[in-house]
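S.K.: Everything below, folded, please.
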Amino acid sequence: MKKSLSILICLFYISSYFNQSQIDNGGFENWENAGTSVDEPTEWSSIKTSDDPTLAGFAPVVWGQSSDAHSGNYSLEMTNVSVFGVVANGIVTNGRVHADFDPSLGYVFTDPNDSRWHQSFSDKPDSLVGWYKYSPNGGDKAKAEAILHSGNAQIPENGTFSNWIAQARADFNASTSSWTRFSVPFTYFNNSTPEYILLVLTSGDSTVAVNGSQLLLDDLELIYSSTSVNEVDLNIDSRFWENVLYVDFSNTVDPVVLQVFDLSGKNVYSNNITDFTRKEYHFDFPKGLYLVNFLSKSASKTMKIIMQ
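M.R.: Residues are numbered from 1 along each chain as shown. Below you'll find the predicted structure:
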């Protein structure tokens, strides 16, 4: 009887693992002709298939298929390219690129009405992992960012943050010529069920990208645990007043990671808490809305703060 029960439990966990959603073509093994001079990875799109056909015609090719792979046959290669004095950021998304002659007005978005420009998704992963190589120029910074959301959403958020459910973002700024693993947790902002997952991958730092920076990515994957840390609220008292965060950790038993994010998803503050006392955090961030995330191995809590 015990043996049969153990087998059933194992089958349950195996079934749960294979039923968990993953990123479509996260290993970049499959490529297709999307009407551009260079193939795009299947289920991904570039500036050449943006929502502005005229601008797409002028846009340089900033991505490619590389045989330098972490596993399998191919990886994704992105390179920043200068055109008429403006650096085009290497960018690929599983949504769609909105391109503009002014790079500060560009973004990626989910189009719920067109299956070519969205990936339906209803699970709640714990983290985003993958493998990368990076060769930055002039202090440049690349990224891999994912959000879970409902309805319409963009990265940067541009007024769609109310539809965001969770976010994970990895920033790459150090040069590495060997395949290096990255892992970043999802920060959950609410308990809603996602409808879509939107990812954006770039080889440069947005509007200040530097010509020639190159990023290789491979084997993107979502990691799940048997119990989501976000299903349990962290038992701490916290409040924010006059740019000071007051937190009582006295009811906490596990180490806590305290992180603060601005609305672009940038991690502007991080601290590991191992002594469980009352604490005050005096922040001096620029004015605006920020998200504070407390995360332990078994629970989490997220709150919004407004810097005055």
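S.K.: contacts and neighbour counts: CA atoms only from here.
M.R.: Fine.
S.K.: contacting residues around residue 83?
M.R.: Under the criterion of Cα atoms under 8 Å, 6 or more residues apart in numbering, the contact partners of residue 83 comprise residue 60.
S.K.: Distance check, it against residue 37.
M.R.: 17 Å (Cα to Cα, to the nearest Å).
S.K.: these two touch, right, residue 289 and residue 265?
M.R.: No. The pair residue 289 / residue 265 is not scored as a contact, 11.4 Å apart, by Cα atoms under 8 Å.
S.K.: Neighbour count: those two, which is higher?
M.R.: When neighbours are counted by other Cα atoms under 10 Å, residue 265 comes out ahead of the other of residue 289 and residue 265, with 19 against 14.
S.K.: surely the more buried one meets residue 169?
M.R.: Yes. At 7.0 Å, residue 265 and residue 169 qualify as touching, with contact defined as Cα under 8 Å.
S.K.: Is there a neighbour count for residue 101? I'd like the number.
M.R.: As a measure of burial, residue 101 has 10 neighbours, counting by other Cα under 10 Å.
S.K.: what's the nearest residue to it if we skip its chain neighbours?
M.R.: For residue 101, ignoring the flanking residues on the chain, the nearest one in space by Cα to Cα, 6 or more residues apart in numbering is residue 55 at 7.6 Å.
S.K.: The one you found - that's part of a helix, no?
M.R.: Yes. Under the criterion used here (DSSP: H, G, I helix; E, B strand; the rest coil), residue 55 sits inside a helix.
S.K.: Provide a list of residues in contact with it.
M.R.: By Cα under 8 Å, 6+ apart, the contact list for residue 55 reads 99-101.
S.K.: ok, it to residue 193 distance?
M.R.: As for residue 55, its distance to residue 193 is 36 Å (criterion: Cα to Cα).
S.K.: Leaving out sequence neighbours, find the closest residue to residue 249.
M.R.: Ranked by Cα to Cα, 6+ apart and with sequence neighbours excluded, the top spatial neighbour of residue 249 is residue 276, at 4.7 Å.
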